[in-house]
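K.L.:
Provide a 3D model corresponding to the input given below.
(chains A and B, ligands or ions: 2)
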Amino acid sequence: MLADATTHAIDVRQLHKSFGALEVLKGIDFNVDPGEVVCVIGPSGSGKSTLLRCVNRLEEPTSGTILIEGEDITDPDADVDSLRTRIGMVFQQFNLFPHLTVLRNLTIAQRKVLKRSEEEADSIARAVLDRVGLSDKIDEYPIRLSGGQQQRVAIARALAMKPDMMLFDEPTSALDPELVGEVLDVMRGLADDGMTMMVVTHEMGFAAEVADRLVFMADGVVVEDGPARQVITNPTTERARQFLRMFGET
Amino acid sequence: MADSTTRPKMSPRRRSELIRYVLYGLLVAAAIAAIFFADWGRIQRNFFNIDSMREMLPSVVTIAARNTVIYTVASFSLGIVGALGLALMKMSSVKPYKWIATVYIELFRGLPALITIILVAFGLPIAFGWRIPGGTLGTGSLGLAIVASAYMAETIRAGVEAVPRGQMEAARSLGMSHARAMASIVLPQAFRIIVPPLTNEFVLLIKDTSLLFVIGTTPLTKELTKFARDFMTTERNATPLTVAAILYLIITLPLTRLVAQLEKRTARAR
Ligand SMILES: Nc1ncnc2c1ncn2[C@@H]1O[C@H](COP(=O)(O)OP(=O)(O)OP(=O)(O)O)[C@@H](O)[C@H]1O
Ligand SMILES: [Mg+2]
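P.N.:
Ligands and ions are numbered 1, 2, ... in the order given. All right, here's what the predicted structure looks like:
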């Protein structure tokens, strides 16, 4: 079959994760195809962040397999550092490096990990910074930027590695409402350019508009997984119906 | 109980005024007593004897103060390298490293520094028939460095742990190894946090070099305290102590002021 011949960008199989006695992920099967934008929604504590963090192994899965473009990142012998350079990650709290300028934030991993030359790293940094609309902030320190600007720099920092896919963990949740739009615009642009994206979010409007697929999680399991519009307008489970009602429907 | 209800209460302001007058009064009384009863001539001859001061110069600066600074810098440099290693060991996920670091830190923070210095200077040669090279500088600095590294290791560890976890995670998510993330992202940020306490540690070390008298230093390797004490026996007055004290303060005061400045700056940056 044709579907088998294409490799998923992210392929999560029977993923379990416990923190001590607390089982947070209870057998997740889930995948993202190249070029696809998948939004993950669900109530607080349902395990969305944990799932996302398992994908680049910031969190160590208890059991199960995660394949990144066909390579098993959960394999003890996997070169996790090199696999991570293909997976950009954007955090809720931005996590920019406060002791470095915007430019250095964007070049440090390019230089130290990918061993790019200074000229190459700089020109890539300028290009991605231009893409997020912050060329004029190149020599600023992160603390001098607004939350929205910081998050856009964080996106640029991930993009500078030229990753094959991007993970977002509630990228707009820490922002003042008036700053959410500028970050979502950047993400929409990425999606339009064909970036593979897995986005944990509460922004239902964004999900409805940009996502190809929507995954609804609750209590450590995937409850719904389907085309975004269908999951939002016509959820099959009561759990999802309840959750979506809180957002007043789209 | 009955008293407090019957006696008219003094207003709090009136009472604090009264207390202040009493305190000023005591101070004035003490000052008058000091002026009349202290033997100023004697104090001057013993603590501020110009002849004794002349005797000590310039060697008190060119030898003693200089040695104090050299011992401090040497033991601090040695100590900070050891402290960094110990801090990383203590934070290591490899259990035995953690244990070794913990035992070391607890041991040398728990013992008097003098014991450690004696141990290095005399214990080791007796036990193994082998002497630390470098004379007073080598032995003394090593002894002090062993003690200082135990304290500074905890300072460094606290600084590293004060860096938010998200910094390490962001660095790792960009493909940096743990060591690379530590060196490029976490330690530089921890460094800003630990500079003030480490400067304090430096000041403590300056003063701790006075413990090196036990090693029995030669005329050219004496530090300030030993130098002053030996002068006291020849001069038969306490002026050398005054001179040493002033020199210590000349070195330490700017540093403690610097610490205060740095602390204010870090507080503002947060
Ligand atoms: N490091 C950890 N140690 C212990 N428990 C944890 C840890 N990380 C997460 N948990 C727990 O796992 C559960 C799922 O957390 P997770 O952060 O994945 O939820 P979430 O769906 O992202 O929620 P939110 O919408 O609030 O971000 C929660 O009960 C949380 O307390
Ligand atoms: Mg979360």
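K.L.:
Check which helix or strand A:Leu190 maps to.
P.N.:
helix A:177-192 (DSSP states H and E).
K.L.:
tell me the angle of the next helix or strand after that helix relative to helix A:177-192?
P.N.:
Using DSSP H and E, the helix or strand that follows helix A:177-192 towards the C-terminus is strand A:196-200. Strand A:196-200 and helix A:177-192 are oriented at 150 degrees to each other (axes from the mean of the first three to the mean of the last three C-alpha atoms, to 10 degrees).
K.L.:
State the paired neighbours of strand A:196-200 in the sheet, together with their directions.
P.N.:
strand A:37-41 (parallel), strand A:165-169 (parallel) (DSSP bridges).
K.L.:
which one of those is the most hemmed in?
P.N.:
Neighbour counts (mean count of other C-beta atoms under 10 Å in any protein chain shown) averaged over each of the strands paired with strand A:196-200 peak at strand A:37-41, with a mean of 26. All C-beta atoms are positioned from the backbone trio N, CA, C, and that covers glycine.
K.L.:
Pull it out as CSV, backbone CA atoms only.
P.N.:
Output in CSV follows, covering the C-alpha atoms of strand A:37-41 (Å, rounded to 0.1, in the frame of the first residue of the first chain):
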residue,chain,number,x,y,z
VAL,A,37,0.0,20.5,10.8
VAL,A,38,-1.5,18.7,13.8
CYS,A,39,-2.9,20.5,16.8
VAL,A,40,-3.3,18.8,20.1
ILE,A,41,-5.9,20.0,22.5
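K.L.:
pLDDT of the helix holding A:Leu190, averaged?
P.N.:
Average pLDDT, helix A:177-192: 94.
K.L.:
For it, buried residues please.
P.N.:
For helix A:177-192, the neighbour count (16 or more other C-beta atoms under 10 Å in any protein chain shown) marks A:179-180, A:182-184, A:186-187, A:190-191 as buried.
K.L.:
Tabulate those (a markdown table), appending distance to A:Pro227.
P.N.:
As requested, the buried residues of helix A:177-192 are exported to a markdown table (distance: C-beta to C-beta, whole Å):
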| residue | distance to A:Pro227 |
| --- | --- |
| A:Leu179 | 30 |
| A:Val180 | 24 |
| A:Glu182 | 27 |
| A:Val183 | 24 |
| A:Leu184 | 20 |
| A:Val186 | 24 |
| A:Met187 | 19 |
| A:Leu190 | 20 |
| A:Ala191 | 15 |
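K.L.:
quick one: which of these is nearest to ligand 1?
P.N.:
Taking C-beta to the nearest ligand atom as the measure, ligand 1 sits nearest to A:Val180 out of the buried residues of helix A:177-192, at 16.2 Å.
K.L.:
Just give the nearest non-adjacent residue to the closest one, would you?
P.N.:
Counting by C-beta to C-beta, 6 or more residues apart in numbering or on different chains, A:Val180 lies nearest to A:Thr172, which is 4.4 Å off, once chain neighbours are set aside.
K.L.:
hang on, isn't the one you found packed against A:Ala154?
P.N.:
No. If you go by C-beta atoms under 8 Å, A:Thr172 and A:Ala154 don't touch, sitting 11.7 Å apart.
K.L.:
Quick check: neighbours shared by the two?
P.N.:
By C-beta atoms under 8 Å, 6 or more residues apart in numbering or on different chains, A:Thr172 and A:Ala154 have no common neighbours.
K.L.:
Three-state assignment for the nearest residue in space to A:Leu167 that is not next to it in sequence, please.
P.N.:
Leaving aside its chain neighbours, A:Leu167 sits nearest to A:Met89 (4.7 Å; criterion: C-beta to C-beta, 6+ apart). Three-state assignment for A:Met89 (DSSP: H, G, I helix; E, B strand; the rest coil): strand.
K.L.:
what do you get for A:Glu59?
P.N.:
Under three-state DSSP, A:Glu59 falls in the coil class.
K.L.:
how about it, phi and psi?
P.N.:
phi -110, psi 140 (degrees, to the nearest 10).
K.L.:
sorry, back to before: which one of the strands paired with strand A:196-200 lies closest to B:Leu124?
P.N.:
strand A:165-169 (54.7 Å; C-beta to C-beta).
K.L.:
List the contacts of residue 145.
P.N.:
Just going to use chain A. A:Leu145 is in contact with A:102, A:134, A:137, A:153, counting by C-beta under 8 Å, 6+ apart.
K.L.:
Sorry, I should have been clearer: chain B.
P.N.:
Counted by C-beta under 8 Å, 6+ apart, B:Ala145 has contacts B:74-76, B:78-79, B:82.
K.L.:
at 6 Å what do you get?
P.N.:
Shown in contact with B:Ala145 (C-beta atoms under 6 Å, 6 or more residues apart in numbering or on different chains): B:75, B:78-79.
K.L.:
State the distance from B:Ala238 to B:Lys95.
P.N.:
54 Å (C-beta to C-beta, to the nearest Å).
K.L.:
Now do the strands in chain A.
P.N.:
A:10-19, A:22-32, A:37-41, A:63-68, A:71-72, A:87-90, A:165-169, A:196-200, A:213-218, A:221-227 (DSSP state E).
K.L.:
For the ones you listed, give me CSV that also has mean pLDDT.
P.N.:
Compiled in CSV, the strands of chain A are given as follows (pLDDT from 0 to 100):
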stretch, mean pLDDT
strand A:10-19, 95
strand A:22-32, 95
strand A:37-41, 96
strand A:63-68, 95
strand A:71-72, 94
strand A:87-90, 97
strand A:165-169, 97
strand A:196-200, 97
strand A:213-218, 94
strand A:221-227, 93
